[in-house]
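> pasting a predicted model and its sequence here:
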Amino acid sequence: MAEFPDKNRREFLKQLSGGLLVAGLTGFPDWTNAAKNEVKLTILHTNDVHSHVDPFDANHPKYAGQGGVARRAAIIKRIRQQEKNVLLFDAGDMFQGTPYFNLYGGELELKLMSKLGYDAATIGNHDFDNGIDGLSTQLKHADFPLINCNYDFSGTSMEGKSVPYKIFEKQGIRIGVIGVGIELNGLVDSRLIGKTKYLDPMPQILKISSYLKNRKKCSLVVCLSHLGHQYKNDKISDMILAEKSENIDLIIGGHTHTFLDEPVKIKNKNGKQVLVTQAGWAGLRLGRIDFYFNPISGENHTTTTTMIEMKKSSEN
Amino acid sequence: MKYKGFLLLAFSISCIACSTVKPYAYESKGFLTPGNSGLVEEDSVLIREIDPYKSKMLEIMSEILAVSAQPLEKGQPESLLGNFVADACYERANLVISEQGKLKADFCVLNNGGLRSALPQGNITLKNCFELMPFENELVMLTLSAQSTQDLLNYIASKGGVPVSNLQMKISGSTAESVLIDGKPVDYKKEYFVLTSDYLANGGDDMKMFQNPIAIEKTGLKVRDAIVEHLRSLPKQPFTAKADGRISR
């Protein structure tokens, strides 16, 4: 993708914006054009798929026939046909939960996610279930990055195999994506994580999200989080992260397998709205959030959300 | 798909016309169920990709181990699934421990988080067991001090109940009351042998009372293997699990 000289382009757009404003006041607005030039971004998300490649068995007490990667693939394909700008994310725990992981160690999960065109994923605690080496050796099957800013993998086989953030660009709109993982002590067997060090997520997130929003001029900053939605105590969670954040617009959560019918709206430290979402687990749902940006200011002015259930209408 | 063209246009206008930052408009469109909106069912390319992995997996995993008269699901303070798994672990691990010529465990404590899927009514396959217990965790026996035992029992109460075997209690707030171990009232001056998973023994779920046990002994038996062996040992007719009130409020 050709990179615009950012500053010049902004200057140009600013002038254009002024022009439109004048046009608006003089009574000759070109609304049709403004709407046509609007940039729509569709973010799709999953979390805690836990190796659920196939739909649940027909005799499963709760989710009979629901889920399955092939169904998700068909729906994503359809959305990509309809929408120009799609980003597909996963919030961790891709691994562990069906014999596919016990037999193939995550190979199939990552190959299928690559086929589906995932743009990024963050790392969940169960992604360490075959040890740090079990994760790093499988990454050859993934053609998308793992994003995490608070695991220090120095001296492990994961060193240099994840990135703290990534910037995507769609029709001139920049989307900054951060990843954050849960405290591993007391959750993952110390033998599995090796020398991995967990860093306090909050300072990392504040620093990187500010960099993405203010320095890199991202219109949208998304956090892929495996911290968990909310706890009874003051343990760091997506809800606490949202409240304490300054530059995050959307938190795509995982870990707690929370089924949210729509994102929770939280006011951040500066009173700005943050959306916190999570799509249950096992690929039972695909979350969808559409952002509409003003191409001139880069500002997100409208957001719509949908939870897509991975089942037929006849299934309960 | 519904397209809110008019609404969007209205917002575009308001955003262009004002220079101050305003909260953006938000709308939840609720649920979309593919079957209701005529979306395609499954992607055939993906199915072909999965097939070779799937046939090998099913070859290994389709073995029917037992037949259940009812679905087994997890829950609190006790559940059919939790009771069944804890009893299976307690029984099979004690067989191993006895064969090693050691004293049997007094009771068994597991965690709800470790039960990863329900068991169906009808045929129970090896695949079901891998989905219920995908981890390679092994059962270990801890010798706990009287204090750690008391901490453990209150921990179970504060959690609202976890899968246990050979243990009964009433939860009162976050305290364990009327505790019976092996049918006898708990003795808070006595050490106990507790069977659990190495995951919990190694500090999983923040079970701090497991951190410095008087002794720890491996059984070499995986939790999943205990469940599988137990299912294989059951009579051919459909089995029933019981919610027997071992943990109550």
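Okay, I see it.

> all helices of chain A, in order?
Assigned by DSSP state H, the helices in chain A fall at A:6-26, A:31-36, A:69-82, A:99-104, A:107-116, A:131-136, A:190-193, A:201-210, A:238-244.

> could you do chain B as well?
Taking DSSP H as the test, the helices found in chain B are B:5-17, B:44-61, B:80-99, B:126-132, B:146-158, B:198-201, B:223-233.

> which parts of the shortest one are buried?
Within helix B:198-201, the residues that count as buried by 16 or more other C-beta atoms under 10 Å in any protein chain shown are B:D198, B:Y199, B:L200, B:A201. C-beta: built from backbone N, CA, C; applies to glycine.

> those: which ones sit near chain A?
Among these, the residues that sit close to chain A (C-beta under 8 Å from any C-beta of the partner chain) are B:D198, B:Y199.

> want to throw the buried residues of helix B:198-201 into CSV with pLDDT?
Putting those into CSV (pLDDT from 0 to 100) gives the following:
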residue, pLDDT
B:D198, 94
B:Y199, 92
B:L200, 94
B:A201, 94
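
> and the buried residues of helix B:198-201, which is closest to B:E78?
Set against B:E78, the nearest of the buried residues of helix B:198-201 by C-beta to C-beta is B:L200 (17.8 Å).

> I'd say the closest one and B:F210 touch.
Yes. Between B:L200 and B:F210 there is a contact under C-beta atoms under 8 Å: 6.1 Å.

> shaky segments in the chain?
Because you didn't say which chain, this covers chain A. Counting by pLDDT under 70, the ranges of chain A that qualify are A:1-36, A:313-316.

> actually chain B
B:1-24, B:31, B:33-40.

> show me it divided up by domain.
With domains defined by automatic domain parsing, chain B comprises B:4-61, B:65-248.

> and the closest residue to A:K77 other than its chain neighbours, what does it touch?
Spatial nearest neighbour of A:K77, chain neighbours left out: B:D43 (6.3 Å); criterion: C-beta to C-beta, 6 or more residues apart in numbering or on different chains. Contacts for B:D43 (C-beta atoms under 8 Å, 6 or more residues apart in numbering or on different chains) come out as A:A70, A:R71, A:A73, A:A74, A:K77.

> let's see that with 6 Å instead.
Neighbour list for B:D43: A:A70, A:A73, A:A74 [criterion: C-beta atoms under 6 Å, 6 or more residues apart in numbering or on different chains].

> can you narrow those to ones near chain B?
A:A70, A:A73, A:A74 (C-beta under 6 Å from any C-beta of the partner chain).

> what's around the first one, how many residues?
Here the number of neighbours of A:A70 (other C-beta atoms under 10 Å in any protein chain shown) works out to 21.

> make sure it is actually in contact with B:L46.
Yes. With contacts counted by C-beta atoms under 6 Å, A:A70 reaches B:L46, the gap being 4.1 Å.

> quick check: residues of the stretch 151-300 of chain A near chain B?
Counting by C-beta under 6 Å from any C-beta, the stretch 151-300 of chain A sits next to chain B at A:G186, A:D189, A:E262, A:Q273, A:N294, A:N300.

> of the residues you listed, buried ones?
Among those, the ones that count as buried by 16+ other C-beta under 10 Å are A:D189, A:E262, A:N294, A:N300.

> and those as CSV, adding distance to A:D152?
Output for these, formatted as CSV (distance: C-beta to C-beta, whole Å):
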residue, distance to A:D152
A:D189, 18
A:E262, 35
A:N294, 39
A:N300, 33
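
> which among the residues you listed gets closest to chain B?
Nearest to chain B out of those is A:E262 (C-beta to the nearest C-beta; 3.8 Å).

> might one say that that closest one is in contact with A:T303?
No. A:E262 is beyond contact range of A:T303, at 10.8 Å (criterion: C-beta under 6 Å).
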